[in-house]
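[1] Turn this into a model:
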Amino acid sequence: MPVLFFVLWVILNGRVTLEIVLFGIAVTALIYIFLIKVLGYSVSMDIRIAKNIPIGVVYILNLIWEIVKASVTVIGVALTPGAHPDPVLVEFHSGLPGNFLNVLLANSITLTPGTITVFRKGDHFVIHALRREYAEGLGESSFVKLLRRFV
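    Next up is the predicted model:
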């Protein structure tokens, strides 16, 4: 986190001089101390975030891929004269620990065309899907498998 603060400081200043670097180090240290003392932030949280960066990148790439695939499928349904939507509500439990991972899953499902998260409480989800086959296997989707790998 301190490195990100310092990089942001340099970017916002627009140039790199000895004065800006020294003052940036001081400001970064003060902000980091504030985070630790007042907001309860910890160095172990930085380490945990750093360990999750690779899986986070994979998750984002997977999300983009799933959005593209779902977009093509939904466009096919919309443009095919004989294809009709078959809306369905599906309930499942993700089995993911913590609120953050479940909210991330809910938002990922909603971002994917053809599906909307209607309700989420804990790891219990109610999903509306445009067609029945879009809702099949949501509990074991690539989103859930990748989210289980977060530390």
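
[2] Leu146 - nearest residue in space that isn't next to it in sequence?
    The shortest distance from Leu146 to any non-neighbouring residue, by CB to CB, 6 or more residues apart in numbering, is to Tyr59 (4.8 Å). In this view, the C-beta of every residue, glycine as well, is placed from N, C-alpha and C.

[3] where does that neighbour land in three-state SS?
    helix (DSSP: H, G, I helix; E, B strand; the rest coil).

[4] repeat for Arg48
    With three-state DSSP as the criterion, Arg48 reads helix.

[5] do the same with Ala78
    helix.

[6] how far away is the residue nearest to Leu146 from Phe5?
    25 Å (CB to CB, to the nearest Å).

[7] Contact partners for the residue nearest to His124 when sequence neighbours are not counted?
    Nearest residue to His124 in three dimensions, chain neighbours excluded: His93, at 5.6 Å (CB to CB, 6+ apart). Contacts for His93 (CB atoms under 8 Å, 6 or more residues apart in numbering) come out as 123-125, 139.

[8] what does Ala106 give?
    Here Ala106 is in contact with 117, 120, 125 (CB under 8 Å, 6+ apart).

[9] domains in this protein, as residue ranges please.
    2-37, 52-147 (automatic domain parsing).

[10] wait, which of these is closest to Asp46?
    Closest to Asp46 of the domains of the chain is domain 2-37 (CB to CB; 8.2 Å).

[11] Do me a favour and get the end-to-end distance for that closest one?
    15 Å (CA to CA, to the nearest Å).

[12] Buried ones in that domain, by neighbour count?
    By neighbour count on 16 or more other CB atoms under 10 Å, the buried set for domain 2-37 is 5-6, 9, 24, 28, 31-32, 35.

[13] and which of these is nearest Val43?
    So of these, ranked by how close each gets to Val43 (CB to CB), first place is Tyr32, at 9.4 Å.

[14] Which strand or helix spans the residue nearest in space to the middle of the chain?
    Centroid check for the chain by CA atoms, centre = their mean gives Leu104 as the closest residue, at 4.8 Å. In this structure, Leu104 sits in helix 99-111 according to DSSP states H and E.

[15] Output the contacting helices and strands for the following helix or strand past that helix.
    On the C-terminal side of helix 99-111, the closest following helix or strand by DSSP H and E is strand 115-121. Other helices and strands packing on strand 115-121, by 3 or more CB pairs under 8 Å, 6 or more residues apart in numbering; DSSP states H and E, are helix 99-111, strand 124-129.
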